[in-house]
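>>> Dropping the sequence and predicted coords here.
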Amino acid sequence: MSTDPVSPDGAPGYTHILMQEIWPRVRKHTPNGVRSKPAATLILIDRSGKEPKVLMGRRNPGNKFMPDKFVFPGGQLDNEDRLMPAAGVLADPVEQRLGHIRGRRNARAIAMAGIRETFEETGLIIGAPSEGEPIEAPPGGWSEFAEHGLLPNLEAIHFVGRAITPPRLPRRFDTIFLAAEATDVVKSVDGTIGPDKELVELAWIPMSEVHRMPEVATITGVVLRELQNRLKAGFSHMLPVPWYRVRHPVGWERIEM
């Protein structure tokens, strides 16, 4: 079903925002055949205060992709995301929707990638105790995660959005936007933020301010507007999930999953 809601602050419909700010630039590029790669990003939400805040990190200005931008932790799926054991399971609506996109086995891997990338880029662990049993973790980031005696907690994960980078751009991602509560973070590891790291700083930012920040990508602001609506509606797994994509020659469209 295609819809285009009005944003919480009364701004025009979301696809209208994307058409105004992104579509004219995209149309200038020539077709290049670049296919989108599966990726996951995770939004941590702090609802302890008067207004919800989200955790964002500023990317290193030396990065070739989105330098100096404020982003959510995230990245591409790794094979190891399919191998790492976890605590609990995904909520049924989350698993069903993600499974419809990439298959049931990959549904779990997408959520695992979001948790892993959050740990690698911020040092924050969304996990649960392993109950004393040895953790057989694959090498790399998951091995470091397991050193803390914790397993990734799949029960904390919400599926809140999907967006595919428009055609003609040199880098394209089919990004799954996940979310979890700040209270789901059970440990913080130092040493992941700094001038020689992927992210040079972290900040908890009020949701109403994010889409006004010039260092934030347009699609990020749109997804956060969607998340504001979702929180106001109860943040249930049963709520529809928006999917943003570009369809030639129409341009941006929003579909509810």
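Arrived safely, thanks for sending.

>>> Residues touching stretch 45-60, excluding its own?
43-44, 65-73, 121-122, 124, 179-182, 193, 195-208, 210, 215-216, 224, 227-228, 231 (C-beta atoms under 8 Å, 6 or more residues apart in numbering). Yep, even glycine has a C-beta here, placed from its N, CA and C like the rest.

>>> Go ahead and confirm Met238 touches Pro93.
Yes: contact criterion C-beta atoms under 8 Å: Met238 and Pro93 qualify, at 5.7 Å.

>>> neighbour-wise, which of these two wins?
Pro93 (15 against 9; other C-beta atoms under 10 Å).

>>> Could you pull up the residues touching the more buried one?
Neighbouring residues of Pro93 by C-beta under 8 Å, 6+ apart: Phe159, His237, Met238.

>>> try 10 Å
Residues near Pro93 by C-beta atoms under 10 Å, 6 or more residues apart in numbering: His158, Phe159, Ser236, His237, Met238, Leu239, Val241.

>>> How much space separates the fifth one from Leu77?
In this case it means Met238. 26 Å (C-beta to C-beta, to the nearest Å).

>>> same thing with the first one?
Remark: distance between His158 and Leu77 (C-beta to C-beta) = 18 Å.

>>> Tell me which of the two has more neighbours.
His158 (25 against 21).

>>> Nearest residue to the more buried one in space, ignoring adjacent ones along the chain?
When the adjacent residues along the chain are set aside, His158 lies closest to Ala179, with 4.4 Å between them (C-beta to C-beta, 6 or more residues apart in numbering).

>>> Whichever strand or helix holds the one you found packs against which elements?
Assigned by DSSP states H and E, Ala179 belongs to strand 173-181. Contacts defined by 3 or more C-beta pairs under 10 Å, 6 or more residues apart in numbering; DSSP states H and E place strand 173-181 against strand 37-46, strand 74-76, helix 92-102, helix 104-122, strand 124-129, strand 158-164, helix 218-232, strand 242-247.

>>> Apply 7 Å and report the result again.
Secondary structure elements in contact with strand 173-181, counted by 3 or more C-beta pairs under 7 Å, 6 or more residues apart in numbering; DSSP states H and E, are strand 37-46, helix 104-122, strand 158-164.

>>> Can you name the residues that contact Gly127?
Applying C-beta atoms under 7 Å, 6 or more residues apart in numbering to Gly127 gives the contacts Ala87, Leu150, Leu151, Pro152, Asn153, Val186.
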